[in-house]
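Undergrad: Got a predicted model here, sequence first, then my questions.
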Amino acid sequence: MSRQLSQVIAFGCIAVLIVAPLVALYLLINIDLFSEIVKNNIGLPIHWETVSGVQWYSLWFLTLCYVSTGLTGIYFLRRAFSGFAKGEFFNHVNSRALRLFSVFLFVQALAKPLHFLLSSILLSANHPAGQKMLSISLGSGEVKVIALAIIMWVMSDLLVSANKLENENKQFV
C-alpha cells in the first residue's frame with residue numbers, strides 16, 4: 001500500500017510542477033486577473049487605483065520567487081517519493097531529497113512574512129506621504145509549517161546518518 005501511495009504522491013508532485021508554471025505564465029499574460037486575485041486576498045487597505053502596471057508585474061515577479069521556493073521543495077519531495085515507490089526506502093538519495101524538501105519548506109515558511117511585507121511596500125508605494133504601508137504577518141500557520149519543517153529536517157538528517165552507518169557496517173561484514 002505504501003508503494004502505491006508513494007507513487008500517487010510522486011505523480012501529484014509532478015502535476016504541481018507542471019501546472020504551477022503554466023498558471024504563473026497565464027497570470028503574467030493576464031495581469032488583470034492576477035490583480036483581481038490579489039485585491040480579493042491581500043486584506044490591506046490599498047488605494048487600488050494608484051497601483052500601476054509596473055507594480056503589478058513587480059508583485060507577480062516577487063510572488064513567482066516566493067512560489068519557486070516551494071516548487072523546488074516539491075521537486076525534491078517528488079524525488080524521494082519516486083524512490084519510495086520503487087521500493088528504495090531509506091537510502092542516501094531519498095534521505096537527502098527529504099532533507100532538501102524540509103530545507104525548502106523551512107525557507108518558504110520564513111519567506112512568507114517577508115513576501116507579505118514586500119508586497120505591502122510595493123502596492124502602497126504610490127500612496128500619498130503618511131499613507132504608505134509596512135505590514136508584516138506571521139500567524140500560527142507559518143509557525144506550524146516552520147515546526148514541521150524543522151522536525152522533518154531532523155528526521156531526514158537522522159536517516160542520512162543512519163544510511164552512512166549502514167554502509168559502514170556493510171564494509172565490515
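TA: Great, that's in hand. The model shown is predicted, which means the values in this text are computed figures rather than measured ones. Residues are numbered from 1 along each chain as shown.
Undergrad: Helices of this structure, start to end?
TA: 2-29, 31-41, 53-85, 92-123, 140-172 (DSSP state H).
Undergrad: can you list contacts of the shortest one?
TA: To tie it back to what came earlier, the one meant is helix 31-41. 26-28, 46, 48, 51, 53, 56-57, 59-60, 119, 123 (Cβ atoms under 8 Å, 6 or more residues apart in numbering). Just so you know, the C-beta spots here come from the backbone N, C-alpha and C atoms, and that holds for glycine as well.
Undergrad: what two of the residues you listed are the furthest from one another?
TA: Distances among these were taken as Cβ to Cβ; the most separated pair is Y26 and I46, at 23.3 Å.
Undergrad: So for these two, which residue has more residues nearby?
TA: I46 (21 against 11; other Cβ atoms under 10 Å).
Undergrad: didn't that one look like it was pressed against N126?
TA: No: using Cβ atoms under 8 Å, I46 is not in contact with N126, being 9.6 Å away.
Undergrad: Can you pull the poorly scored residue ranges out of the protein?
TA: 1, 172-173 (pLDDT under 70).
Undergrad: Spatially central, which residue of it would that be?
TA: Central residue of the chain (Cα atoms, centre = their mean): G70, 1.8 Å from the mean position.
Undergrad: Run a quick check on that one versus F104, I expect a contact.
TA: Yes: between G70 and F104 there is a contact at 6.9 Å, judged by Cβ under 8 Å.
Undergrad: Got a PyMOL select line for the buried ones in the contacts of helix 31-41?
TA: Of the contacts of helix 31-41, the buried ones can be selected in PyMOL as follows, counting by 16 or more other Cβ atoms under 10 Å:
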select buried, resi 27+46+51+56+59+60+119+123
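Undergrad: can you redo the contacts of helix 31-41 as CSV with distance to M155?
TA: As requested, those are arranged in CSV below (distance: Cβ to Cβ, whole Å):
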residue, distance to M155
Y26, 37
L27, 35
L28, 37
I46, 41
W48, 45
V51, 43
G53, 46
W56, 41
Y57, 40
L59, 36
W60, 35
S119, 33
L123, 39
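Undergrad: any idea which of the contacts of helix 31-41 is the one closest to L5?
TA: Nearest to L5 among the contacts of helix 31-41, with distances taken as Cβ to Cβ, is Y26, at 30.9 Å.
Undergrad: Next, count neighbours for the nearest residue to the closest one once chain neighbours are set aside.
TA: Closest residue in space to Y26, ignoring its immediate chain neighbours: L33 at 7.9 Å, by Cβ to Cβ, 6 or more residues apart in numbering. By other Cβ under 10 Å, 11 other residues sit near L33.
Undergrad: same deal with I136?
TA: Residues lying near I136 (other Cβ under 10 Å) number 10.
Undergrad: Brilliant, that's me finished.
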